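Enquirer: This is the structure alone, sequence omitted:
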């Protein structure tokens with residue numbers, strides 16, 4: 001192994017550290033790329049590393065890495081995969097083992113200071129000839145020449161160019177460059193120029209952020225730009241003084257961003273856009289915005305319709321026009337919106353009638369209605385509705401949970417016990433058992449209740465849940481007794497949980513379970529299950545040593561290795577685990 005020079009030792013880079021960051025697969029692929037010499041033109045500039053890496057299809061990817069004193073700050077690559085990819089690994093391995101291959105560069109500012117204007121122009125021309133995409137950077141700067149107003153058409157063209165890129169990282173980079181221009185203008189208090197850029201970027205994103213772009217934007221970096229534009233427009237509207245056309249255009253763009261989020265299903269695209277409209281729009285400005293919202297209502301389903309109608313209603317509520325807001329909901333709202341409006345208007349019976357007619361198959365809406373009825377002082381209507389529904393053939397567990405919680409909160413512990421017991425038997429869980437335990441203790445009848453529910457769960461063959469309950473109660477002996485009955489046909493292997501629980505007071509039982517799991521893992525003949533087997537063996541080793549049975553451990557391991565001597569991958573996993 002080559003020795004890193006002093007500058008590498010400062011960063012603390014090691015193979016193990018890189019493997020940890022990249023993951024096994026990316027690290028191994030990156031090691032292959034490094035070995036094949038895929039890194040070209042590597043350089044170091046201060047604490048920045050860079051270089052090109054040849055891809056599998058002869059494509060060249062640009063890799064950039066920011067070092068810090070004890071490791072890596074940030075790393076990026078222009079490849080489609082994203083994340084800590086094999087190309088980043090290859091550059092780092094090159095840096096560790098071939099540091100002399102890296103050219104040390106002065107800062108760009110230092111290098112360019114000595115150039116004359118003519119030299120700089122000639123250099124830029126050659127750079128654009130070699131890489132035509134750089135022309136976009138020149139045009140982007142031309143959209144905002146020093147001392148001049150922003151050229152809207154140039155900005156719009158640059159936004160369109162950015163959104164036509166195929167790689168999401170390229171889209172993000174170009175749009176971020178535009179936002180940097182806007183931020184510089186804002187720092188100079190050119191609020192009109194900054195707002196114009198924010199508006200054009202947000203407008204382009206709202207129109208283009210469809211399902212395809214959303215799928216490409218796997219980490220949300222492009223959508224985050226829309227949020228930054230909303231914040232930027234908010235600041236510009238607060239700080240500047242504009243003509244009516246500019247204000248209307250900016251507010252319309254904010255509304256289109258809100259509508260884009262509704263179209264996308266509510267992903268928090270451009271969050272806060274509607275809040276700014278509420279703060280900023282005058283009555284006259286709002287009328288034009290409302291016209292746009294109203295024209296979309298007929299073409300939307302219930303969810304989108306609710307969001308759109310809510311926009312119209314919230315505007316009116318914001319100015320104290322409660323009656324108008326209610327009328328909007330009556331005229332344009334969904335059945336669900338009208339139902340909740342009836343609750344607010346003190347008509348719980350009518351609300352429940354709508355619920356029975358339309359929503360008995362939608363437990364989420366029913367439970368929200370019960371909560372709303374309680375908040376409105378009409379809890380008895382919610383209790384009656386859910387009681388009726390839980391007496392149906394297959395009551396939803398959420399109804400039982402709500403009834404139990406409501407009754408307990410209101411001091412009716414016997415009813416709470418009844419509903420919580422029904423919930424546990426229908427949908428067994430440790431959490432539900434714990435609540436039942438609390439209620440039973442408050443009533444002073446826990447042991448009787450416990451005996452009954454455990455018997456019923458056993459009659460239903462819920463042995464897995466009974467094991468979970470036994471472990472919750474710290475009854476390892478009972479968990480061990482139940483374990484054989486839970487093994488047959490079950491999808492979940494409880495042996496790990498029971499073995500861990502048994503380690504302290506019943507170590508021999510734990511060892512027996514771990515040995516079973518070692519054999520199961522080996523029998524599956526996969527590298528990952530061999531690794532699992534090695535993990536179980538480490539625990540067996542620890543238990544044997546704690547008991548003073550080191551000889552038994554060595555004998556067991558030797559026999560296991562001999563039995564599977566023809567499985568080199570297994571032996572390798574044992575070695576890596578230090579066994």
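Expert: Structure's in. What do you need? Everything numeric in this text was worked out from a predicted model, so none of it was measured.
Enquirer: Nearest the geometric middle of this structure, what residue?
Expert: With distances taken as C-alpha atoms, centre = their mean, residue 219 lies nearest the centre of the chain, 8.2 Å away.
Enquirer: In contact with that residue, which residues are there?
Expert: Neighbouring residues of residue 219 by C-beta atoms under 8 Å, 6 or more residues apart in numbering: residue 82. Quick note: C-beta positions are derived from backbone N, CA and C, even for glycine.
Enquirer: Does it belong to a helix, a strand or coil?
Expert: Three-state call for residue 219 (DSSP: H, G, I helix; E, B strand; the rest coil): coil.
Enquirer: That one and residue 16: what is the separation?
Expert: 26 Å (C-beta to C-beta, to the nearest Å).
Enquirer: go on, residue 450?
Expert: From residue 450 to residue 16 the distance is 50 Å (C-beta to C-beta).
Enquirer: got it, and residue 535?
Expert: 18 Å.
Enquirer: Comparing the two, which residue is more hemmed in?
Expert: Legend: neighbour count by other C-beta atoms under 10 Å for residue 535 and residue 16, higher for residue 535 (16 against 9).
Enquirer: list the contacts for that one?
Expert: With C-beta under 8 Å, 6+ apart, residue 535 has these contacts: residue 577.
Enquirer: Helix or strand: which one has it?
Expert: helix 527-547 (DSSP states H and E).
Enquirer: List the buried residues of that helix.
Expert: 529-537, 539-541, 543-544 (16 or more other C-beta atoms under 10 Å).
Enquirer: Now flag whichever of these is closest to residue 82.
Expert: The nearest member of these to residue 82, counting by C-beta to C-beta, is residue 531 at 26.6 Å.
Enquirer: Which pLDDT value goes with that closest one?
Expert: Residue-level confidence at residue 531 comes out at 92, pLDDT.
Enquirer: Residue 66 too?
Expert: Here, the pLDDT recorded for residue 66 equals 87.
Enquirer: who's in contact with the strand or helix carrying it?
Expert: Here residue 66 sits within strand 60-68, counting by DSSP H and E. If you take C-beta under 8 Å, 6+ apart as the criterion, strand 60-68 is touched by 11, 39-40, 47-55, 72-79, 87-88, 90-92.
Enquirer: repeat that with 7 Å
Expert: Contacts to strand 60-68, defined as C-beta atoms under 7 Å, 6 or more residues apart in numbering, come from residues 11, 47-55, 72-79, 87-88, 91-92.
Enquirer: What distance do you get for residue 381 to residue 374?
Expert: Distance, residue 381 to residue 374, by C-beta to C-beta: 9 Å.
Enquirer: shared neighbours, the two?
Expert: By C-beta under 7 Å, 6+ apart, no residue touches both residue 381 and residue 374.
Enquirer: still on that earlier bit, now the element after the helix holding residue 535, going C-ward?
Expert: Next along from helix 527-547, by DSSP H and E: helix 550-563.
Enquirer: any idea what sits nearest residue 333, other than its immediate chain neighbours?
Expert: residue 309 (4.8 Å; C-beta to C-beta, 6 or more residues apart in numbering).
Enquirer: residue contacts, that neighbour?
Expert: Residue 309 touches 297, 328, 329, 332, 333, 337, counting by C-beta under 7 Å, 6+ apart.
Enquirer: Now do the buried residues in the strand or helix carrying the second one.
Expert: Yep, that's residue 328 we're talking about. For residue 328, the host element (DSSP H and E) is helix 322-332. Residues of helix 322-332 classed as buried: 325, 326, 328, 329, 332 (neighbour count, 16+ other C-beta under 10 Å).
Enquirer: wait, what's in contact with the first one?
Expert: This means residue 325. So residue 325 contacts 313, 316, 317 (C-beta under 7 Å, 6+ apart).
Enquirer: so the second one makes contact with residue 326?
Expert: No - in terms of C-beta atoms under 7 Å, residue 316 does not count as a neighbour of residue 326; the distance is 8.8 Å.
Enquirer: how about residue 449, what does it touch?
Expert: When contacts are counted by C-beta under 7 Å, 6+ apart, residue 449 is found next to 436, 440.
Enquirer: Can you verify it is assigned to a helix?
Expert: Yes - inclusion of residue 449 in a helix is indicated when three-state DSSP is applied.
Enquirer: quick revisit: what is the nearest of the buried residues of helix 527-547 to residue 96?
Expert: Nearest to residue 96, judged by C-beta to C-beta, of the buried residues of helix 527-547 is residue 531 at 25.9 Å.
Enquirer: measure the spatially closest residue to that closest one that is not a sequence neighbour to residue 331 for me?
Expert: Spatial nearest neighbour of residue 531, excluding adjacent residues (C-beta to C-beta, 6+ apart): residue 573 at 5.2 Å. Distance, residue 573 to residue 331, using C-beta to C-beta: 68 Å.
Enquirer: For the protein, spot the helix or strand the model is least confident about on average.
Expert: helix 6-11 (a mean of 45; mean pLDDT, DSSP states H and E).
Enquirer: immediately after that helix, which helix or strand?
Expert: helix 15-22.
Enquirer: mean confidence score for the helix or strand that that following helix is followed by?
Expert: Next helix or strand after helix 15-22 toward the C-terminus (DSSP H and E): helix 24-35. Here helix 24-35 scores 90 as its mean pLDDT.
Enquirer: ok so, going back, could the buried residues of helix 527-547 go into TSV alongside distance to residue 208?
Expert: What follows is the buried residues of helix 527-547, written out as TSV (distance: C-beta to C-beta, whole Å):
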residue	distance to residue 208
529	46
530	48
531	45
532	46
533	51
534	50
535	48
536	52
537	55
539	54
540	58
541	58
543	60
544	63
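Enquirer: Where does pLDDT dip in the stretch 301-450 of the chain?
Expert: 393 (pLDDT under 70).
Enquirer: what about the helices in it?
Expert: Assigned by DSSP state H, counting those that start in this stretch, the helices in the stretch 301-450 of the chain fall at 302-318, 322-332, 335-344, 348-358, 363-375, 379-390, 397-409, 413-426, 430-443, 446-459.
Enquirer: picking that back up, helices - which of the contacts of strand 60-68 land there?
Expert: If you go by DSSP state H, these have 11, 87, 88, 91, 92 in helices.
Enquirer: Specify which member of the buried residues of helix 527-547 is nearest to residue 395.
Expert: residue 532 (40.2 Å).
Enquirer: Now the closest one: closest residue in space, sequence neighbours ignored.
Expert: Once chain neighbours are set aside, the closest to residue 532 by C-beta to C-beta, 6+ apart is residue 521, at 4.6 Å.
Enquirer: Which neighbouring elements make contact with the helix or strand harbouring the one you found?
Expert: Using DSSP H and E, residue 521 maps to helix 507-523. Counting contacts by 3 or more C-beta pairs under 7 Å, 6 or more residues apart in numbering; DSSP states H and E, helix 507-523 packs against helix 495-502, helix 527-547.
Enquirer: got JSON lines for those helices, with distance to residue 240 too?
Expert: Formatted as JSON lines, the helices and strands packed on helix 507-523 follow (distance: least, C-beta to C-beta, whole Å):
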{"stretch": "helix 495-502", "distance to residue 240": "62"}
{"stretch": "helix 527-547", "distance to residue 240": "59"}
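Enquirer: who wins for proximity to residue 508 among these?
Expert: The minimum distance between residue 508 and the helices and strands packed on helix 507-523 falls on helix 527-547, with 7.9 Å, by C-beta to C-beta.
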